[in-house]
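Engineer: Sharing a model prediction with you, sequence too.
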Amino acid sequence: MKKTGIRRLLELAGNAKPFMLLSALLSVLSALAVMVPSICVYFLIQNTVSREWGALTSYGWAAAGALAAHLLCYFSALICSHIAAFKTTRNVKSRLLNHLVTLPMGFHTENASGKLRKIIENNVRQMEGCIAPLPDIIAAVITPIATMLLLLLVDWRLGLLCLVPIAAGLTLQASMTPGGAQTGLKVHGSNPQS
């Protein structure tokens, strides 16, 4: 069975796979850490209303620490994703070039050098667009899920009520998108044998 999507991308990544996985992990931590200040503000308001002044400083420091952790994790994830993107494109280009030298001379006379260069340079470079923004893609998925779980923990009725406009918005967006929900990330394998 031919691998497609993320599995094929991880296979092509080769030695860049650890950077990609580390970037994904740091992105999740960053997305969770950015929510902590909001939780701290909730407890700050709760303590202010109940006139318990002792923990205000602790919540302030916790919020500041969480923001610092978010920034550190986010920029580290960006660095790792960009390293993974550059290593992956280099690996794919190297595999393609190594395969080109094994092809018979007739292949090179039938295919223009500009066409081959376009495949190797331009098309392979498009893979960077799938890997480099990995932290932003993961944050866009994790943040709403974590927010909904948090709302359900605080008050399940409020959480369920918030699901209604989200579901309506996603349905409306899917109906306005060409192809509906069928659009998505597709990474086709570059099989040297084909």
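Structural biologist: Structure received.
Engineer: Now do the helices in the protein.
Structural biologist: With helices called from DSSP state H, the chain shows them at 5-13, 17-33, 36-49, 56-100, 105-110, 113-118, 124-125, 128-131, 134-154, 156-176.
Engineer: Rebuild those helices as JSON lines, extending it with mean pLDDT and mean neighbour count.
Structural biologist: The C-beta positions use only the backbone N, C-alpha and C, and glycine is treated the same way. Listed next are the helices of the chain as JSON lines, based on pLDDT from 0 to 100; neighbours: other C-beta atoms under 10 Å:
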{"stretch": "helix 5-13", "mean pLDDT": "75", "mean neighbour count": "16"}
{"stretch": "helix 17-33", "mean pLDDT": "93", "mean neighbour count": "20"}
{"stretch": "helix 36-49", "mean pLDDT": "86", "mean neighbour count": "15"}
{"stretch": "helix 56-100", "mean pLDDT": "90", "mean neighbour count": "17"}
{"stretch": "helix 105-110", "mean pLDDT": "79", "mean neighbour count": "9"}
{"stretch": "helix 113-118", "mean pLDDT": "79", "mean neighbour count": "10"}
{"stretch": "helix 124-125", "mean pLDDT": "79", "mean neighbour count": "16"}
{"stretch": "helix 128-131", "mean pLDDT": "80", "mean neighbour count": "17"}
{"stretch": "helix 134-154", "mean pLDDT": "88", "mean neighbour count": "15"}
{"stretch": "helix 156-176", "mean pLDDT": "85", "mean neighbour count": "11"}
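Engineer: what's the closest residue to Leu151 other than its chain neighbours in contact with, if anything?
Structural biologist: Of all residues not flanking Leu151 in the chain, Gly159 sits nearest, at 3.9 Å (C-beta to C-beta, 6 or more residues apart in numbering). Gly159 sits next to Met148, Leu151, Leu152, Leu153 when contact means C-beta atoms under 8 Å, 6 or more residues apart in numbering.
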